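> next one to model:
(one chain, ligands or ions: 1)
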Amino acid sequence: MRHLTHEGPGLVRVGTDVFSYAVPPPRENKYGTPPVYKSKALIEQLDDLLAQIEPRRIVELGIFRGGGVALMAAITQPEKLVAIELNAEREAVLDNYLSRAQLRETVVPYYGVDQGDPEVAEILDVEFGPDAQLDLVIDDASHLYEPSRRSFDMIFPRLRPGGVYVIEDWAAQHTLLATIVDHVVNRRDDWKKHAESIATVIDEGNPDLARMLRDEPDEATVGRAARAAAAASDVDRALSRLGLEIVHVVAETSDVVREVTFTQGWIEITRGEGAVSGPGWLDHGSANLFGSLSE
Ligand SMILES: C[S@@+](CC[C@H](N)C(=O)[O-])C[C@H]1O[C@@H](n2cnc3c(N)ncnc32)[C@H](O)[C@@H]1O
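Residues are numbered from 1 along each chain as shown. Okay, here's the model as predicted:
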C-alpha cells in the first residue's frame, strides 16, 4: 500500500508532514520539512518500493537538503537509517525536522564523507554492526561511474537476500548527450535551458568557449559548444556502464544478484543468496568483461 498522498503540484503528505519536491529543490519550504530533490515519478517509485520491501535498515548516499532521508524516515520509521554526504556542512533543516519528528536516535547523517571512501564501510560497521544485513540502499550521490562503483562494491554485499540497491539518475549523461545531438542535428533553438549543463561539461577542456556560451552567444558559438560537449561526454565512463556491469553479474552462475530492472532515472538491483569474495569482488567475474575488452 502506498504511504504518500499528493497534496498538489510538488507536494506530498505523510501523516501530518507535508514534503515539497522539485528538481532541483529550494533550500527550505514553509512546511518545515527538508525539500526533496526528486521528480514526481521517482517519488512514486520510491513509495512503491518502500511498500513492497518494508525496509528497517536503510542507507542513503547523497543528502543534499535532506528531503529523501526525511521522507523515507517518515514513511518507514526505520530501525536505523544512515545517510552519507560529501558536503561537510550540516543541513539545519534536516536536523530540525529529525528533532521534531523524534527521529534523531535512528536517523544518522554523516557529512564530509565521499560515497566511495572505505570510511563508509567503517561507518556502517559502527552504526549497524559488522554482521547486520541491510534492507535498502539508495545511491543518489555523485551519479558518476567511479565513486558509484566503489560504493556498490562495498555496500551491495551487505544487503540481505531480497534486499534492494537503487542507483538513481543513471541516465543523466545520456540525456544531456541526446539533447546536444538533437540541438546540432535539428538546429533547435531551445538550447538555452541546457546552456549551463553544456557549459559545465566543457568548462575544464574549453573554458573560453564555456564563458562565451554563458554570455549571450551567437549561433556559431552555440554550435561549437554543443560539438565540444558531445566530444567531452565520455559515455564509456557513464554511470550506465555500472548498470551493464551488474547485468554481467547476473550472467554468472552464483546468485549474487537476483534481479536488475532499469527504468528511466532508476536501476533496482535485488540481492540474491550468493556469497561474494570480499572487497573488489566486482572486478573479478564477468562483471569485468568491459574492462578486459577495452584493455
Ligand atoms: C541529487 S542530490 C541528493 C538528493 C537527495 N537524496 C534527495 O532525495 O533529496 C546529490 C547529493 O550528493 C552529494 N554528492 C555528490 N558527490 C558525492 C560523493 N562522491 N559522495 C557523497 N555525496 C556526494 C551532493 O553534494 C548532493 O548533495
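
> closest residue of the protein to the ligand?
Distance from the ligand to each residue of the chain (C-beta to the nearest ligand atom) is smallest for G68, at 2.5 Å. C-betas here are computed from N, CA, C, even on glycine.

> pretty sure that residue sits against I138.
Yes - proximity of G68 to I138 meets the contact threshold set by C-beta atoms under 8 Å, at 6.8 Å.

> list residues touching both of these two?
46, 60 (C-beta atoms under 8 Å, 6 or more residues apart in numbering).

> more crowded one of those two?
Here G68 and I138 are set side by side on neighbour count (other C-beta atoms under 10 Å), and the busier one is G68, at 27 against 24.

> ok, now how distant is the more buried one from P78?
Taking C-beta to C-beta, to the nearest Å as the measure, G68 falls 13 Å from P78.

> and what of A88?
When A88 is compared with P78 (using C-beta to C-beta), they lie 25 Å apart.

> more crowded one of these two?
The neighbour comparison of A88 against P78 (other C-beta under 10 Å) goes to P78, with 19 against 8.

> show me what contacts that one?
Contact criterion C-beta under 8 Å, 6+ apart gives 55-58, 72, 106-107 as the residues in contact with P78.

> looking at these, which are in strands?
Using DSSP state E, the subset of those located in strands is 57-58, 107.

> so who does E268 touch?
Contacts of E268 were listed using C-beta under 8 Å, 6+ apart, and they are 49, 164-166, 259-261.

> let's see it at 7 Å
If a contact means C-beta atoms under 7 Å, 6 or more residues apart in numbering, then E268 has 164, 166, 261 as its contacts.

> adding secondary structure and distance to the ligand, write these out as JSON lines.
Putting these into JSON lines (DSSP: H, G, I helix; E, B strand; the rest coil; distance: C-beta to the nearest ligand atom, whole Å) gives the following:
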{"residue": "V164", "secondary structure": "strand", "distance to the ligand": "16"}
{"residue": "V166", "secondary structure": "strand", "distance to the ligand": "11"}
{"residue": "T261", "secondary structure": "strand", "distance to the ligand": "20"}
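
> who wins on neighbours among those residues?
In terms of neighbours by other C-beta under 10 Å, these top out with V164 at 22 neighbours.

> wait, isn't that one in contact with L136?
Yes - counting by C-beta atoms under 7 Å, a contact exists between V164 and L136, whose distance comes to 5.5 Å.
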